[in-house]
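S.K.: how would this look folded up:
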Amino acid sequence: MIKNVFDNHRTNAIVIAILTILFISVIYFPKSIWDYEAELRDESRFRMNTVSLAEKLHYQLVKNYTADTEQLVTVVNNVRDSLLAAENDTGYSFYGHQSIALAGKSVTVNYSDEYRKFYEDEHLKLFKHLEPNHYMDSKSINLLLDTIKTLFDKGNYSGEQTLELDSVALDFFVSDKYDILYQNIKTSMFNALTGSFTKYPEFSNPLVDTVLDSIKANPELIGRTDFSGIYDEPVRIDFIIPFKFAENLEKTKLALKKQFVIDPYDSVTYGDTLYNMALAEFMIQNDTLEFMPELLTLMYTDTSEEVIEIPVEVKVEDMHTALAKRRNILYTMLTGYAEPSEFIANQVINVALDSLNSPNAGIDSIHLDIDVSEAVFNINIHNNIIDYFHTVSLDQAYYKTAVNLSDLDWKQAAVEVVESVATRLKQYSDFHNWQVVKVEADTFYVNIADDFLRRYDDMNLALYEKLTGEFSNVFDFTFKVVNEAEHLASVDTLQWSGAQVIEFEPDTILVDVFPLFLEEYKNTFTISRDTVVQADDSTFMGVYDRYRIGVTQEFSMDSLDFLVAADNSVYRYIFEGADSVRSMNVLEKSDTARVEQVFSGMDTYVMIFSDDSVMENLYRITDEFAAFDSIQVDSLFVVSDEFVVGEQEKDLFMAKDSFGGWLDTLIEKKYVKKQLYTSYQLSPEHTRCPVTGLPFRVTVRYNVHQIIESPIVTPIETRRYLFFTQLDSSHGSIEDGEESWAK
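M.R.: Next up, the predicted model:
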């Protein structure tokens, strides 16, 4: 007899207990991991925001941002500490221009053959990303492209090829669709010359060649020029008849009615009927006659069955223009492009009109072979057409062929070009797309993408780590170390390889410390907490005293653009009339008044006004200590935002030297909603990711564009509780103050 283990109640109890523990674990452990991931994410974003706020303080002090978070903490905290020390020493002031000494740095590196190869490989990789092409003049480029086309047409000429041109050996790559690249040049030129488009070389090439040959033969040729008799065979035109072509056809006729002149009496009496008759008559005559009629005669039958003869004058010149515009509109409807010539447009439009009843109208493309031997093309010859042809040749074929010298030293060229582009791009933000870069190795066309500096920074970070064995994402410092290592290694008089130490002398940074920095520091690094409700028997609304300004009321109010006179000698405040305004607080306002600092012309005013914009008082700010015979100088006390305290705190605030005064007192039992804040100090910990311990990556471009990023590039997986995984991915970034997680 087989024993059933589940008959044992003790075994069952153990199994149930184990399953219960597993069940609870499956619920509890993942939740605890997710909560911890969220906690790390929130902490990381809080720290990034702290760095962003600190950068603003650094900019106020130094007038620039910094990518070095170590310098960031040093400068901001050094100024704060010095100001705190000055508060306790009446003989010491730290306002205005001050110097802050930065510590020198010593970096241990290992400059080896392996590192040098890595250095060259990284530059070569970035160099190839620039799509380098050997620089050639336009004549040589066209000769090369034509030569490649000739060889290509003979067959078996694609892939890596070599050719000697004017005693210069060139390497390049011939696409298996090189004929398309070559034809794109002519197609683009056809589009530029006519505003139209065709995919058929038989149409585009003869016209383009004729125009270019004419310009070469006569470099002074300019302006509108007719070209005719350039085609020996018909050319193909593709078009589609739109579904509502007939409807739009009638709409385009409406503009033609404006070119008829009808007697005002007849026009008013018979209205649009005459214009419709005139248009119908004109279209018949214009289609059947070889010239445009200047005068029409309409036979109108009135309600009494009497036939009236009404003359209609045609504005011939204006009608010519209107018809040309209508013809171009219709051709564009059919082909999607402007008309290349009047002759071709009329041919296509006529075929379309004959095909309106086709069941395929608006569905299938129509191919039309047109005899263009009589076509006349009116081309506007600009003095830059040849230059444009050179640009098109570069864009359409030359850049894609990747032409370079056969004996090019790619390693040398890579280092020279990459460093040259980076140096130039750090100075000029518009140095993008195809540019010419001249270095010792050669002169190149290079295609500079928007992310080049980002790739360059990444390269220097990798080089720094390879050189020192340590990670850093302070891109300007890593560049400084890598660049100094290259400089020392290139000096002939030095035996500089292997383990070396690079010393950077201590530097001094200049700051401009403003009087309110301490308050700014405190307000910057503040965490707002949830509001709480407090019960008080009485509450007091007060302000802090900040500083005093000299003011006067000796001026003409009627001359101020931000004031408008109302009834009873009352003025109203129109803030749109000021150059700019800024909110401020003064002690001398009433309980309900608002105050703004108004900038108007060369003067600054203090405006005190009520909620309905009625002016309560107005002062002009002047020098408090100035002596004027006709001006009475007074003073206003500028104070902080209002704060509310209870009975117990009242005496504590009044005892402070900075106390300004009480604005209002409410003695009653009530609840006061109050926002609580907690201040903290900037520390090196705030500059590092809580997951990796690595500094946040700070990128500064042209001292106006700043990005703070999480150093986590790829998700980090950490084993937790044996069976579970904690997954930490990038915590986002802050770009120019905009948080990525707030989008």
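S.K.: can you tell me the distance between the two ends of stretch 334-352?
M.R.: 8 Å (CA to CA, to the nearest Å).
S.K.: what's next to that stretch, contact-wise?
M.R.: 191, 194-198, 207, 237-242, 245, 324, 327-328, 330-332, 366, 368, 370, 372, 374-378 (CB atoms under 8 Å, 6 or more residues apart in numbering). From N, CA and C alone the C-beta is placed, and that goes for glycine too.
S.K.: Stretch 610-617 too?
M.R.: So stretch 610-617 is contacted by 563, 566, 570-574, 588-590, 592-594, 607-609 (CB under 8 Å, 6+ apart).
S.K.: Same check on stretch 224-240?
M.R.: By CB under 8 Å, 6+ apart, stretch 224-240 touches 198-200, 202-203, 206-207, 210-211, 214, 334-335, 344, 347-348, 352, 362-381.
S.K.: go again using 6 Å as the cut-off
M.R.: Residues external to stretch 224-240 that are found in contact with it (CB atoms under 6 Å, 6 or more residues apart in numbering): 200, 202-203, 206, 210, 334-335, 348, 365-373, 376-381.
S.K.: Among those residues, name the buried ones.
M.R.: 203, 206, 210, 334-335, 348, 366, 368, 370, 372, 377, 379, 381 (16 or more other CB atoms under 10 Å).
S.K.: Just give the number of residues close to the spatially closest residue to residue 415 that is not a sequence neighbour.
M.R.: Using CB to CB, 6 or more residues apart in numbering and skipping residues adjacent in sequence, the residue nearest residue 415 is residue 123, 4.7 Å away. The local packing of residue 123 (other CB atoms under 10 Å) involves 23 other residues.
S.K.: got it, and residue 647?
M.R.: Neighbours of residue 647 (other CB under 10 Å): 12.
S.K.: same check, this time on residue 324
M.R.: 13.
S.K.: where do the strands sit along the stretch 501-650 of the chain?
M.R.: Along the stretch 501-650 of the chain, counting by DSSP state E, counting those that start in this stretch, strands occupy 507-513, 526-528, 532-552, 563-565, 571-573, 580-583, 594-600, 603-609, 615-622, 634-639, 643-646.
S.K.: Could I get the ones you listed in TSV, plus columns for mean pLDDT, distance to residue 268 and mean neighbour count?
M.R.: Listed next are the strands of the stretch 501-650 of the chain as TSV, based on pLDDT from 0 to 100; distance: least, CB to CB, whole Å; neighbours: other CB atoms under 10 Å:
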stretch	mean pLDDT	distance to residue 268	mean neighbour count
strand 507-513	92	77	15
strand 526-528	84	74	11
strand 532-552	75	69	16
strand 563-565	89	48	16
strand 571-573	90	51	20
strand 580-583	88	56	11
strand 594-600	90	56	18
strand 603-609	92	58	19
strand 615-622	90	58	18
strand 634-639	85	71	18
strand 643-646	80	76	16
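S.K.: Arrange the ones you listed in CSV, one row each, with distance to residue 142 as further columns.
M.R.: CSV is the format used below for the strands of the stretch 501-650 of the chain (distance: least, CB to CB, whole Å):
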stretch, distance to residue 142
strand 507-513, 54
strand 526-528, 67
strand 532-552, 72
strand 563-565, 70
strand 571-573, 70
strand 580-583, 57
strand 594-600, 61
strand 603-609, 65
strand 615-622, 69
strand 634-639, 72
strand 643-646, 77
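S.K.: Can you check which of those gets nearest to residue 460?
M.R.: strand 507-513 (19.8 Å; CB to CB).
S.K.: who touches the closest one?
M.R.: Identification of contacts with strand 507-513 by CB under 6 Å, 6+ apart yields 61, 62, 79, 94, 95, 97, 98, 99, 100, 101, 102.
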